[in-house]
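> Fold the following, please.
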Amino acid sequence: MALKSKILVTGGAGYIGSHTVKELCNAGHEVTVFDNFSLGRRENIDPRVKSVIEGDVRQSADLAKALPGMDVVFHFAAWKAAGESMDDPYKYTENNIFGTLNLIKNMIDHGVLHFVFSSSAAVYGNPQYLPIDEQHPTNPENYYGYTKLAIEENLRWFSQLKGLKYAALRYFNATGYDVNGQIRGKEKNPANLSPIVMETIAGIRPKMVVFGNDYNTPDGTCIRDYIHVNDLASAHLKAMTYLFEKGENLVVNLGTGQGSSVLEVIHTAQKVTGREVNFEIVGRRAGDPDNLYAGTALAEKLLGWKAQHSDLESIFRSMMKVYLD
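Take a look at the predicted model:
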């Protein structure tokens, strides 16, 4: 790998994309951001990026402006709300599947053969055992998870047929904001627990609901593996280095290896911020397993990576700068 790589980041103005762009710039790489700004925020783009291209991965003409000369593509441009994917699956087909396959085709056409893919633990579905390692069966519970699995399956074929080298990074629950406080634009339409907690604390929403308190967990609420977005970003750089240095594909979980319950998350947010969370407990949501957390041994072994900022107190301290300053 060249000391300084030319990197295209699709969805680079989005939540995880913008944090990864900052990490890439910190490492001295030449970064181009490609985003249609449906969810991305221009103010979150690192000022050190070489260029910003407004475009859509479904449009080959847009990609033709961005791909020539690139060494690698980091792909974050996707819809990600699991519930919405069940109501409007074609929206997810069009962007997450058609858009990504169009990106891959255009990459190959332009001779760009290294790909870091934003996948998801949603590919696994209901856990058959814990922790969930990379050998766990894949059986998505929602259409969003299926779109990520469909791309992973296509990546295996395009690697075999066209020489594409890829890393598929299966995130657990991404959370937090830049620990240095430099990325401050709030995520648009958040569907995850921690930003909903912070929106409630900040008065953006009057109250939040907790779906079920009768699960088979110590306090009755669901347990999930929360990983700080800065930790995710650092893993992406290590994955790129792995692709260039090893020349092998990579499918790996990104999580902490332990879980926190919904009530633990709420109580930690209250402790860190000194403010109350107005919440109501309602009935269960369909398809929510009791407990879900990652096996992380493979990421540690292959990438030398472990989460550094993903304890709940660090997560909420980083979020205070965005929601309460």
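> Work out the gap between the helix or strand where residue 239 lies and the centre of the chain.
When elements are defined using DSSP states H and E, residue 239 is found to belong to helix 229-246. For helix 229-246, the gap between its own C-alpha mean and the chain's C-alpha mean amounts to 13 Å (CA atoms, centre = their mean, to the nearest Å).
> helices or strands up against that helix?
When contacts are defined as 3 or more CB pairs under 8 Å, 6 or more residues apart in numbering; DSSP states H and E, helix 229-246 packs onto helix 15-26, strand 72-75, strand 114-120, strand 165-171, strand 173-175, strand 250-254, helix 297-303. No exception for glycine: its C-beta is placed from N, CA and C like everyone else's.
> again, only this time at 7 Å
Helices and strands touching helix 229-246, by 3 or more CB pairs under 7 Å, 6 or more residues apart in numbering; DSSP states H and E, are helix 15-26, strand 114-120, strand 165-171, strand 173-175, strand 250-254, helix 297-303.
> Figure out which of these is closest to residue 222.
Using CB to CB as the criterion, the shortest distance between residue 222 and these is 10.7 Å, found for strand 173-175.
> what does the helix holding residue 239 contact?
Contacts with helix 229-246, where a contact means CB atoms under 7 Å, 6 or more residues apart in numbering, come from 1, 15-16, 19-20, 23-24, 27, 72, 74, 114, 116, 165, 167, 169, 171, 174-179, 250, 254, 299, 302-305, 307-310.
> Alpha carbons of the helix ranked longest in the chain, as PDB, please.
If each helix of the chain is counted by residues according to DSSP state H, the longest one is helix 143-162. Extracted as PDB, the C-alpha positions of helix 143-162 are listed here (Å, rounded to 0.1, in the frame of the first residue of the first chain):
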ATOM      1  CA  TYR A 143     -34.900  -6.600   4.900                       C
ATOM      2  CA  TYR A 144     -32.100  -4.100   5.700                       C
ATOM      3  CA  GLY A 145     -30.000  -7.000   7.000                       C
ATOM      4  CA  TYR A 146     -30.800  -9.000   3.800                       C
ATOM      5  CA  THR A 147     -29.500  -6.100   1.600                       C
ATOM      6  CA  LYS A 148     -26.200  -6.200   3.400                       C
ATOM      7  CA  LEU A 149     -26.000 -10.000   3.100                       C
ATOM      8  CA  ALA A 150     -26.900  -9.900  -0.600                       C
ATOM      9  CA  ILE A 151     -23.900  -7.500  -1.200                       C
ATOM     10  CA  GLU A 152     -21.600  -9.700   0.800                       C
ATOM     11  CA  GLU A 153     -22.600 -12.700  -1.400                       C
ATOM     12  CA  ASN A 154     -22.000 -10.600  -4.500                       C
ATOM     13  CA  LEU A 155     -18.600  -9.500  -3.300                       C
ATOM     14  CA  ARG A 156     -17.500 -13.100  -3.000                       C
ATOM     15  CA  TRP A 157     -18.500 -13.600  -6.700                       C
ATOM     16  CA  PHE A 158     -16.900 -10.400  -7.900                       C
ATOM     17  CA  SER A 159     -13.700 -11.300  -6.000                       C
ATOM     18  CA  GLN A 160     -13.600 -14.700  -7.700                       C
ATOM     19  CA  LEU A 161     -14.600 -13.500 -11.200                       C
ATOM     20  CA  LYS A 162     -13.000 -10.000 -11.400                       C
END
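> chain center to it, what's the gap?
Relative to its chain's centre, helix 143-162 lies at 17 Å (CA atoms, centre = their mean).
> got the contact list for that helix?
Applying CB under 7 Å, 6+ apart, the set of residues contacting helix 143-162 from outside is 80-82, 85-86, 89, 92, 96-97, 100-101, 104, 108, 117, 119-120, 122-123, 125, 138, 140, 164-166, 168, 249, 251.
> can you give me the angle it makes with strand 250-254?
Taking axes from the mean of the first three to the mean of the last three CA atoms, to 10 degrees, one finds that helix 143-162 is oriented at 150 degrees with respect to strand 250-254.
> got the contact list for residue 318?
Residue 318 sits next to 176, 177, 178, 179 when contact means CB under 7 Å, 6+ apart.
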